[in-house]
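[1] With the input below, show me the fold.
(2 chains)
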Protein chains: 2
Amino acid sequence: MAAAHLPIGVFDSGIGGLTVLRALREALPQETFIYLGDTARLPYGTKTPASVIRYAVQCGRILQDWGIKLLVVACNTASAVALDALRDAFSVPVVGVVEPGAEAACAASRTGHIAVVATEGTVRGGSYEREILARRPEARVYSQACQLFVALAEEGWFTGDVPRKTAEIYLCPMLAQAPVDTLVLGCTHFPLLQQAIAEAVGPDVRLVDSASTTARFVAQVVEQHGLAAPGGSTGGVQFCATDGPERFARVGSLFLGETIHPQDVKVVDL
Amino acid sequence: MAAAHLPIGVFDSGIGGLTVLRALREALPQETFIYLGDTARLPYGTKTPASVIRYAVQCGRILQDWGIKLLVVACNTASAVALDALRDAFSVPVVGVVEPGAEAACAASRTGHIAVVATEGTVRGGSYEREILARRPEARVYSQACQLFVALAEEGWFTGDVPRKTAEIYLCPMLAQAPVDTLVLGCTHFPLLQQAIAEAVGPDVRLVDSASTTARFVAQVVEQHGLAAPGGSTGGVQFCATDGPERFARVGSLFLGETIHPQDVKVVDL
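    A predicted model of the protein is given here:
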């Protein structure tokens, strides 16, 4: 099948989705990926649904025009509000991060008391709550917007007093009210603060990160649709950003866990 | 002069410039202001100069088309990189926040060792350093990007452990190296964290906030150009944003120091 030769498109509002790309590359080492970060218009988390949908479809179209076999929306805010619009607009399979994250949370929780931490936009959209309740109708879902986690991750302040104290302020009041045993990291930036968040919530709360679950889900879709790259493919990544390749490379390297060189980041003019 | 009847246009990347608007209204209570926050594309502080210039000119054009007598660029990043382009593009006087801030710092400092805290974009542009050295060539300028201050201000976390500790991490290494006696708050968000910053730097460092200096400078320009509103004018504000009027109203109320109602925020479609 010709489409199998095409890359997998990965789209995010900026660099956060590189944590998802990292998991995707581990799960699918033979695949080639095109990653597009809409750095000119980040963050999506504080924008209205109408704007996020418009931006997401525009970015999806750029990837589609280049030729991709599958689109991964590696951005929680865009997955939360724009997935239907993207599925309507494009013929390739579209995978978001919310459904796999909800799936993983439902599997992990014993008590059914599940907390979701995310951006303001994702929390307001209520998509994690809907997806969790669709799978476990008896569950109780507690949501908390944690905007500062985004800034901390982008600044590279992953551990220490400031991220731990920030996590305590956001999370401890919520945990004091309910027997939460599972916390969904509902923003692609948050896995970088995993240690600080774990220290704040204590050992009885399990953290669920949608990156690895999404990667497993994408692997299934690739398999089901007969889209796997031909045997012997070595895989690779093309990085693209809509603004600021230097910052993309510098901060993105922290997120991807390997060095990105600015000259390897193609700038896409919207 | 007919232009005197027109409002003063105030432009910012989002809501930070409302701290400047607050000072402007105190200094010029008879004037009417149109405030345009480019919330659809904030933050400017992490974007490239080319993008910031394009956005600033576009926003300036919207205000000019509505009819204004003077344009205040109440955004440090845009003032730092786009002021020349704006002055080329428009015939009305254009006032930024960097020159007044630099002026105030030079007047306040005894030692000539001046620190500037700002966004990444403002620091990289080096405009405060240039403007300070143009006024005091013997001065020593120390710059530090403090991206997290923006997020803390927007989250309403003005005081307490997290902002104080954050300020210590950013500022104490710089202050340990040099006899700084003046610290310029080179981002319109930062005055909201004034108390936490003051606690971190101690009583020997004077904080200079460009909002009030800019307001005094605008009052002079209005006077010099014969642009003062006619006697008996009661003044007022029209708020406009390119996205998210609810968030603009909610967070903006903190910045302006008075309540903004979402229904009073006009949404401008770019």
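[2] Look at the residue nearest to residue A:212 when sequence neighbours are not counted and report its pLDDT.
    Distances taken as CB to CB, 6 or more residues apart in numbering or on different chains place residue A:23 nearest to residue A:212, at 4.7 Å, with adjacent residues excluded. (C-beta placed from N, C-alpha, C; glycine too.) The score at residue A:23 is 96. That number is its pLDDT.
[3] quick one, strands of the stretch 1-150 of chain A?
    With strands called from DSSP state E, counting those that start in this stretch, the stretch 1-150 of chain A shows them at A:8-12, A:32-37, A:70-73, A:94-96, A:113-118, A:140-145.
[4] Relative to chain B, which of those strands is closest?
    strand A:140-145 (9.3 Å; CB to the nearest CB).
[5] gap between the two ends of stretch A:137-152?
    34 Å (CA to CA, to the nearest Å).
[6] Buried residues in that stretch, which are they?
    A:139-152 (16 or more other CB atoms under 10 Å in any protein chain shown).
[7] Stretch A:96-103 too?
    Using 16+ other CB under 10 Å as the test for burial, stretch A:96-103 gives A:96, A:97, A:98, A:99, A:100, A:101, A:102, A:103.
[8] ok now do the fifth one, which residues does it touch?
    Residue A:100 makes contacts with A:210, A:213, A:214, A:216, A:217, as judged by CB atoms under 8 Å, 6 or more residues apart in numbering or on different chains.
[9] Compare those and tell me which is most surrounded.
    With neighbours defined as other CB atoms under 10 Å in any protein chain shown, the most crowded of these is residue A:210; it has 32 neighbours.
[10] and residue A:158, that one's in a helix?
    No. Residue state for residue A:158 (DSSP: H, G, I helix; E, B strand; the rest coil) corresponds to coil; a helix is not indicated.
[11] Close to chain B: what parts of the stretch 51-200 of chain A are there?
    By the rule CB under 8 Å from any CB of the partner chain, the part of the stretch 51-200 of chain A lying against chain B is A:51, A:120, A:147-148, A:150-152, A:154-155, A:157, A:161-162, A:165-166, A:169.
[12] so which helix or strand takes in the closest residue to chain B within chain A?
    Proximity of chain A to chain B (CB to the nearest CB) peaks at residue A:151, 3.4 Å away. Here residue A:151, judged by DSSP states H and E, is contained in helix A:147-155.
[13] Heading C-terminal from that helix, find the next helix or strand.
    Helix A:147-155 is succeeded, C-terminally, by helix A:161-177 (DSSP H and E).
[14] after that next one comes which helix or strand?
    Using DSSP H and E, the helix or strand that directly follows helix A:161-177 along the chain is strand A:182-185.
[15] tell me the mean pLDDT over that following strand?
    Mean pLDDT, computed over strand A:182-185, is 97.
[16] Please save the CA atoms from stretch A:60-80 in PDB.
    Below are the C-alpha coordinates for stretch A:60-80, written out as PDB (Å, rounded to 0.1, in the frame of the first residue of the first chain):
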ATOM      1  CA  GLY A  60      -3.500  19.800   9.700                       C
ATOM      2  CA  ARG A  61      -3.900  21.000   6.200                       C
ATOM      3  CA  ILE A  62      -0.300  21.900   5.900                       C
ATOM      4  CA  LEU A  63       0.700  18.400   7.000                       C
ATOM      5  CA  GLN A  64      -1.900  16.800   4.700                       C
ATOM      6  CA  ASP A  65      -0.600  18.800   1.700                       C
ATOM      7  CA  TRP A  66       2.900  17.500   2.400                       C
ATOM      8  CA  GLY A  67       1.500  13.900   2.500                       C
ATOM      9  CA  ILE A  68       1.000  12.000   5.700                       C
ATOM     10  CA  LYS A  69      -0.700   8.700   6.400                       C
ATOM     11  CA  LEU A  70      -2.000   9.500   9.900                       C
ATOM     12  CA  LEU A  71      -2.400  12.600  12.000                       C
ATOM     13  CA  VAL A  72      -1.500  12.600  15.700                       C
ATOM     14  CA  VAL A  73      -2.900  15.600  17.600                       C
ATOM     15  CA  ALA A  74      -0.200  15.800  20.300                       C
ATOM     16  CA  CYS A  75      -1.800  18.700  22.000                       C
ATOM     17  CA  ASN A  76      -4.400  18.200  24.800                       C
ATOM     18  CA  THR A  77      -6.200  21.500  24.100                       C
ATOM     19  CA  ALA A  78      -6.600  20.800  20.400                       C
ATOM     20  CA  SER A  79      -7.500  17.100  21.100                       C
ATOM     21  CA  ALA A  80     -10.200  18.400  23.500                       C
END
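[17] If we ignore the residues flanking it in sequence, what's nearest residue A:36?
    residue A:240 (4.6 Å).
[18] what's the neighbour count on that neighbour?
    Neighbours of residue A:240 using other CB under 10 Å come to 23.
[19] for it, helix, strand, or coil?
    Per three-state DSSP, residue A:240 ends up strand.
[20] for the helix or strand bottoming out on mean pLDDT in chain A, packing partners?
    Lowest by mean pLDDT, DSSP states H and E among the helices and strands of chain A is helix A:120-125, with a mean of 88. Here helix A:120-125 touches helix A:49-66, helix A:76-89, strand A:140-145, going by 3 or more CB pairs under 8 Å, 6 or more residues apart in numbering or on different chains; DSSP states H and E.
[21] Outside of it itself, list whatever touches it.
    For helix A:120-125, contacts defined as CB under 8 Å, 6+ apart pick out A:44-47, A:49, A:52, A:76-77, A:80-81, A:98, A:116, A:128, A:143-145, A:147, A:186-187, B:247.
[22] Contacts only, for residue A:198.
    Shown in contact with residue A:198 (CB under 8 Å, 6+ apart): A:205, A:207.
[23] what about it, distance to residue A:188?
    Distance from residue A:198 to residue A:188, counting by CB to CB, to the nearest Å: 18 Å.
[24] re the thing from before, now tell me what touches the helix holding residue A:151 from outside.
    Residues from elsewhere that reach helix A:147-155 (CB under 8 Å, 6+ apart): A:15-16, A:43, A:45-46, A:117, A:119-120, A:158, A:162-163, A:166-167, A:170, A:187, A:189-190, A:192-193, A:251, A:255, B:147-148, B:150-152, B:154-155, B:157, B:162.
[25] Got a PyMOL select line for the buried ones in the residues you listed?
    Of those, the buried ones go into a single PyMOL selection, burial set by 16+ other CB under 10 Å:
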select buried, (chain A and resi 15+16+43+45+46+117+119+120+162+163+166+167+170+187+189+190+192+193+251+255) or (chain B and resi 147+148+150+151+152+154+155+157+162)
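[26] quick revisit: any chance of the buried residues of stretch A:137-152 in a markdown table with distance to residue A:5 as columns?
    A markdown table is the format used below for those (distance: CB to CB, whole Å):
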| residue | distance to residue A:5 |
| --- | --- |
| A:139 | 42 |
| A:140 | 46 |
| A:141 | 41 |
| A:142 | 45 |
| A:143 | 41 |
| A:144 | 43 |
| A:145 | 41 |
| A:146 | 40 |
| A:147 | 41 |
| A:148 | 43 |
| A:149 | 38 |
| A:150 | 36 |
| A:151 | 40 |
| A:152 | 40 |
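[27] Just give me the closest of those residues to residue B:107.
    Checking these against residue B:107 with CB to CB, the nearest one is residue A:151 at 32.7 Å.
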